[in-house]
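Q: build me a model from this:
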Amino acid sequence: MAGGVERQLDCEELTFEQRRHLKQPPNFLWWLACSLFLYCGCYWVHTLCHDVFTPFDTESEVFRSFYMRGSHRNTTLFSVANLMFYAITNIAGHIYVNACNMNCSRASLFHSSYPSRRDFITTLLLIVPYFLLGNIVTLKAPHDTASSLSADDCLRNNMGTWFLGHFIGLQYTHFNQGFLKDFNFAPEKMKLWGAKLWAIAFLVMATYFGTTLFTLYMCFYLDMAAF
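A: Residues are numbered from 1 along each chain as shown. All right, here's what the predicted structure looks like:
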């Protein structure tokens, strides 16, 4: 027993690179099973949250104006259901990476590359700020517009569009191989970038800002042109 505890502590003290070489990569069936479990679980959570939690009316025109996106969002109601859904999917995503992508090689399902639960705690602390900074708009609720979106419309957006992007982001650990292991926006890592990584960074940023500007164009310019 003592030997097992000592071995676990030794593993916790290893760097991410050392542990990455020790772990066995997940096979396709394990990845598929975990991914299906994650999707079905989050689908059920989304349905449950929207059945249980009612929206909170802020009665604030400042709230309406700040989050208004033309005819796509215009409300003073705050979606408690989407906040709970967002929180649970973030927690589930952290566990999914450890169980699936890292194949249970870390000290626990709540650890990351550090010998502590620092990243998991950081995830919990950032859930509300990140939701307010963007996901309150990208996640849809039936009361977002005067015409009222249907529950099916919200489900298709949240599980078909938003969750798809969330799921793709969870696969990043699979790409932390070869020259991509230095693809980190920390200044000390960027100094080591070659032409390939700079090209990838440019494509990532161009895609991000391009889609953001296109969304704003669709939400505001076309709505204004309609009047």
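
Q: tally of neighbours for His50?
A: 22 (other C-beta atoms under 10 Å). Any C-beta I mention is one placed from the backbone N, CA and C, and that applies to glycine too.

Q: what ranges does the chain have for its helices?
A: 2-13, 16-22, 28-52, 61-67, 80-96, 118-130, 136-138, 151-155, 163-170, 187-190, 195-216, 222-225 (DSSP state H).

Q: report the contact partners of the residue lying closest to Ala141 once chain neighbours are set aside.
A: Using C-beta to C-beta, 6 or more residues apart in numbering and skipping residues adjacent in sequence, the residue nearest Ala141 is Ser79, 4.0 Å away. By C-beta atoms under 8 Å, 6 or more residues apart in numbering, the contact list for Ser79 reads Pro55, Ile136, Leu139, Ala141, His143, Asp144.

Q: so what's the residue count around Trp44?
A: 10.

Q: measure it to Asp51 for me?
A: 11 Å (C-beta to C-beta, to the nearest Å).

Q: for stretch 129-142, which positions count as buried?
A: Neighbour-count burial for stretch 129-142, with 16 or more other C-beta atoms under 10 Å as criterion, is recorded at Phe131, Asn135, Ile136, Val137, Thr138, Leu139, Lys140, Ala141, Pro142.

Q: typed the wrong thing, it's stretch 159-175
A: Neighbour counts using 16+ other C-beta under 10 Å place Met159, Trp162, Phe163, His166, Phe167, Leu170 of stretch 159-175 among the buried residues.

Q: and stretch 65-78, end to end?
A: In stretch 65-78, first residue to last residue: 13 Å (C-alpha to C-alpha, to the nearest Å).

Q: count of residues packed around Val204?
A: Neighbours around Val204, by other C-beta under 10 Å: 12.

Q: flag the least confident of the buried residues of stretch 159-175.
A: Lowest pLDDT among these: Leu170, with 88.

Q: so that residue is in contact with Ile95, correct?
A: No - counting by C-beta atoms under 8 Å, Leu170 sits too far from Ile95 to count as a contact (10.4 Å).

Q: residue contacts, Arg117?
A: Here Arg117 is in contact with Ser108, Phe110, His111 (C-beta under 8 Å, 6+ apart).

Q: what does Asn74 show for phi and psi?
A: As for Asn74, its main-chain torsions (degrees, to the nearest 10) stand at phi -160, psi 90.

Q: ok, it - contacts?
A: Contacts of Asn74 (C-beta under 8 Å, 6+ apart): Arg64, Met68, Asp144, Thr145, Ala146.
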